[in-house]
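A.B. asks: Sequence unavailable; structure follows:
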């Protein structure tokens, strides 16, 4: 009855998922671990009383493993996802599904050939209660069509190895997926505007950036990406519809008054802000696996996000609008 | 490894706990059920693939039951709690522990004789993230001593069988426990003030009420209890300390603008407002059971709450301040 | 066409009124000044090109003075107010009208004998936009009868000469008048509760205090008076009616995010918080004078506030409820 | 001592200014009126006991008129402003100063020839307390350089004669001036993005629009212009600086709870939102006139706003960025 999960590539995110599954989630257990560094896998496996596998292939192939979580380095995703799909096992793959859209396309082909949606991509915001309340109201139609969505994606700081394209591929990708899901349509064009740079940046970075996106029906989306704001992980979203607007609230639990004035603590990273969303995401995935169903982002979603990011990276160095190039959506993912 | 839980008296609250344990909580499973109406127990047991017991005594006595949850009618609590304690099994009992302080005293005596804290009372607010943040700051001492706490406990409406004393014993009891926990000291005196009555009341009810409490060190606490406000389940708490204040925020996830102005949905019942707290409460209890430890409110807390409520009910019909009568806290519960 | 105003006793408040009248208010001018210290009067008069009077009696008697503002020390109010009334001149008297209710009664008798309402008492909150919006909704009846009002009156600090009774006579008196006005009925009983004392107090002060009041129809009012909170002038008011509540908002103009979190500046004194109300108060008084009408609090309001404060001061040293003793409201003030 | 003001072209805005000057502002009086429809001027003049002039030239030339307010139709502004400047009289001209930048240039030339700044343009937001608080903090440098400013300019609805270019020339012009003032630098380029159109629009309108502006130093500014949002006049502004952000608060005075949830009234037009700013604007202008000084926006500001709007209107029908063309700022206006 318990879903037996094999974990591939447990770094910080993978260990956090293991911890969630074992302490605050019902119905699952991580029973096997593999890693390119087998010693790492062994250490993790020992801590949870699980089995260590020499290779991800061996883990995927073990009939005692019901489902697979992939938290390894992005370039390693494709082969393991495809192996899991070929083995007929549900696979939860951390975002991005693949670093390039071409690899995602390969995954989709294998998955379609198998005839069953098995791939879930780890876009956790779809499981956040505040975004879900926003989507429910937009979907209800009670405030008409959505026309504009304003987003802010701010981080206190990023490490020195953070490169320019990561503002799109690692940071903006969250809004790319969330907007596609929120609006239920594809993004067809992107542009990047470059405001005055913060002096609290690394010289190589243009920070902040404004990523502007347009959907099929013409919804205009902005995303202020500012990854060295020095103070907080600040995620904002406001949807402007024909007869009303909805924005995420500040999400704070308490309000203080004192010598600082009226003040509230802010979140400092994605675990603080989206801790609940991560739990819901994995819980719903385990539930779906147990029922033999699919949940969350599909490999189509992973592919589409990669296509938008490809255009976004191109827009970093090109003036004007860059069209998003993607195949027509296969009926399989409709 | 999974904690096997026996559920006694599954009404609405009990079934909600079962649902949580089976769908969003790690490490536990309800494997047995009993009820004064055996048909009810049988129905619940069947739905979860559990065993039905003819009597609560049989359930408690079964060595395949590791821990007991009691969600039956208040007057039935004492005997089952005592039986569980005598059997050496951890027992989670919904609030109130017992309708009278005398019965709670009996439980404490048996528990002390057994030499181990086994009883947890279901005061869920101690597990609410917003109250916990408030307590952490007060405990840190950074804003000095707490001097005053203002509470509001508002419900949209109550059923016709809701009697006057329930405003204290069922409603105000939440603030009684939460204040004791938040401040870490006992309530020594209470008074009830009676504002103008709402016309949306039952004739037999004085609604709203103001319950005023004083702690050992002199903290002044008010609790506006208004159970027919016609619009929302509105729980507020503001602590006033020497150099700052903290209040619970509105807890809404989104903010809307439209023809109604700027507006946010309010919670309508305790499940909406404290859904997360219920989950944390039961998760932490199961974790503690698995580790052989105690968590949450003790039977002393259940006793103390009952003593304060006794004084509160007396204050309903007496002018002025009513002292709280309770025994000295046994070293066992220190 | 310009109302020529004589100012008696220009201290800080009086000079602030003069400044308002000359810089941001239409239709009036301070043309005469008197003070117990004639040098002070001379200095103020010179700064505004006005005339200095040796005595307040001379000022009041000058036919070139249309109306009188009294900002002198409380015990000096009565004689000057009566002189102005006898001279048939509108008089604006800073709160409190008189230190004792008996003196206020004398004023009322003279005013009634004169047959015309001439006295306005400087309770500025009646002119604050936020309180006015609250009152408009309560008066509309759309949320039913008001049942409870919660008030907070917090100051950063008070000077060493601030005595215990001033918490009632100087601080709480604002809520006394505001509540009478907001609810349109008299306060009939008061009580004072004494929370744990702040250590940031003068030894002679019981700070904070809770002033509890009851109106004729049974509305229950609390007022947390905390005059050494170390951080802000924080005025709060929440009215609880049968089907809704209204509270004053935080009144801040901007919201900041930074290393302090989300934070807003707080007001530090009554000029910051009620600067707009002072302007409106004096503007409306000058307008009324020009039209030959009365505006704002009457001498009855000054008397009633004094009666409630008398009971409040008594309640400082008495246990339990102290009834407010006042005469029946004369038809003249209906 | 009272500033005698001549009003040219009193429509709704002009009559509102007259009303302010006579009822809530110190130091000024409208003593003369002219209008292209003399009957209209006569009616207004009679209501205030002022003199009616057959022509604006006659009004400007009367030595009993100290200063001039122009509230006529935009195309009529230039000649009257120039006449007032030539007569050496301070002139307050409602925005826009002139419909085209070329006419503003003519005004500037005459004004410079006269050697004295006499023209004030009626951009009232510079006098709004919330914008002023924002500017004070940005100017202090405490949160570093400003990098981005997000604006929203939303109206419930516009009349049928509202044309496309008015979204720039009548609506967006407010943010154009406010941003120039807030940041203390010129706007050098603009672009217009066109989101999905609301169905609650007139067919001829593209509504909403996104106006994107760039300043000399590279600050990136957006302005969502949505003039048929069906619910409120909603002005928002958030400045993103290197180490902090500031946004205008919601400005509501009270907060309500009821069957609609937690809700606050919104403003429905610019008089509600900026009523206080209009008063301050005119008060400060009259004060400056009395002191022989200049205050508020200059004719350079009027010119610069016109230049940005010219580019904005061009951007309505052109793809991509349109540079703003303007002369170098004359030393006279530095």
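C.D. replies: That came through, no problem. Note that this is a predicted model, so its numbers are computed, not measured.
A.B. asks: Only C-alpha atoms from now on, for both contacts and neighbour counts.
C.D. replies: Noted.
A.B. asks: So what does the residue most central in space within chain A have for phi and psi?
C.D. replies: Here the mean C-alpha position of chain A is nearest to the C-alpha of residue A:123 (Cα atoms, centre = their mean), at a distance of 2.6 Å. The phi/psi pair for residue A:123 (degrees, to the nearest 10) reads phi -90, psi 100.
A.B. asks: My read is that it contacts residue A:174, right?
C.D. replies: Yes. Look at residue A:123 against residue A:174 with Cα atoms under 8 Å: they come within range, at 7.0 Å.
A.B. asks: so who does the residue nearest to the centre of chain A touch?
C.D. replies: A:94, A:95, A:174, A:177, A:178, A:296, A:297 (Cα atoms under 8 Å, 6 or more residues apart in numbering or on different chains).
A.B. asks: For residue B:242, see how far away residue A:305 is.
C.D. replies: 52 Å (Cα to Cα, to the nearest Å).
A.B. asks: I meant to write residue A:210 there.
C.D. replies: Distance from residue A:210 to residue B:242, by Cα to Cα: 45 Å.
A.B. asks: Over to residue A:77?
C.D. replies: For residue A:77, the distance to residue B:242 - Cα to Cα - is 56 Å.
A.B. asks: Now the stretch 201-334 of chain A against chain C: closest residue?
C.D. replies: Here the stretch 201-334 of chain A gets closest to chain C at one residue, residue A:263, 4.0 Å apart by Cα to the nearest Cα.
A.B. asks: helices or strands next to the helix or strand containing that residue in the packing?
C.D. replies: Taking DSSP states H and E as the criterion, residue A:263 maps to strand A:261-264. For strand A:261-264, the elements it packs on are strand A:254-258, strand C:261-264, judged by 3 or more Cα pairs under 8 Å, 6 or more residues apart in numbering or on different chains; DSSP states H and E.
A.B. asks: Now tell me which of these the model trusts least on average.
C.D. replies: Ranked by mean pLDDT, those end with strand C:261-264 in last place, scoring a mean of 89.
A.B. asks: Tell me how far that one lies from the chain's centre.
C.D. replies: 32 Å (Cα atoms, centre = their mean, to the nearest Å).
A.B. asks: How about stretch A:32-48?
C.D. replies: For stretch A:32-48, the distance to the chain centre is 24 Å (Cα atoms, centre = their mean).
A.B. asks: likewise stretch A:136-148?
C.D. replies: 23 Å.
A.B. asks: can you pull the buried residues of it?
C.D. replies: With burial defined by 16 or more other Cα atoms under 10 Å in any protein chain shown, the residues of stretch A:136-148 counted as buried are A:138, A:139, A:143, A:144, A:145, A:146, A:147, A:148.
A.B. asks: Just the buried positions in the longest helix seen in chain A, please.
C.D. replies: Ranked by residue count, the top helix of chain A under DSSP state H comes out as helix A:270-291. Applying a neighbour-count criterion of 16+ other Cα under 10 Å, the buried positions in helix A:270-291 are A:273-274, A:276-287, A:289-290.
A.B. asks: tilt between it and helix B:270-291?
C.D. replies: Orientation check (axes from the mean of the first three to the mean of the last three Cα atoms, to 10 degrees): helix A:270-291 against helix B:270-291 gives 80 degrees.
A.B. asks: Show me the beta-bridge partners of residue A:51.
C.D. replies: residue A:32 (DSSP bridges).
A.B. asks: give me every residue that touches it.
C.D. replies: A:31, A:32, A:33, A:42, A:45.
A.B. asks: Please repeat the previous calculation with a cut-off of 10 Å.
C.D. replies: A:6, A:30, A:31, A:32, A:33, A:34, A:41, A:42, A:44, A:45, A:59 (Cα atoms under 10 Å, 6 or more residues apart in numbering or on different chains).
A.B. asks: got the helices and strands packed on strand A:261-264 as JSON lines, with distance to residue A:326 and mean neighbour count columns?
C.D. replies: Output for those, formatted as JSON lines (distance: least, Cα to Cα, whole Å; neighbours: other Cα atoms under 10 Å in any protein chain shown):
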{"stretch": "strand A:254-258", "distance to residue A:326": "45", "mean neighbour count": "21"}
{"stretch": "strand C:261-264", "distance to residue A:326": "41", "mean neighbour count": "22"}
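A.B. asks: Which one, of these, ends up nearest to residue D:87?
C.D. replies: Closest of the helices and strands packed on strand A:261-264 to residue D:87 is strand C:261-264, at 47.5 Å (criterion: Cα to Cα).
A.B. asks: overlap in contacts of residue A:123 and residue A:174?
C.D. replies: A:95, A:96.
A.B. asks: so, in contact with chain B or not, the helix or strand hosting residue A:42?
C.D. replies: Taking DSSP H and E as the definition, residue A:42 sits inside helix A:38-48. No. Using Cα under 10 Å from any Cα of the partner chain, helix A:38-48 stays clear of chain B, coming no nearer than 12.4 Å.
A.B. asks: For that helix, which outside residues touch it?
C.D. replies: A:7-11, A:14-15, A:18-19, A:22, A:29-35, A:49-55.
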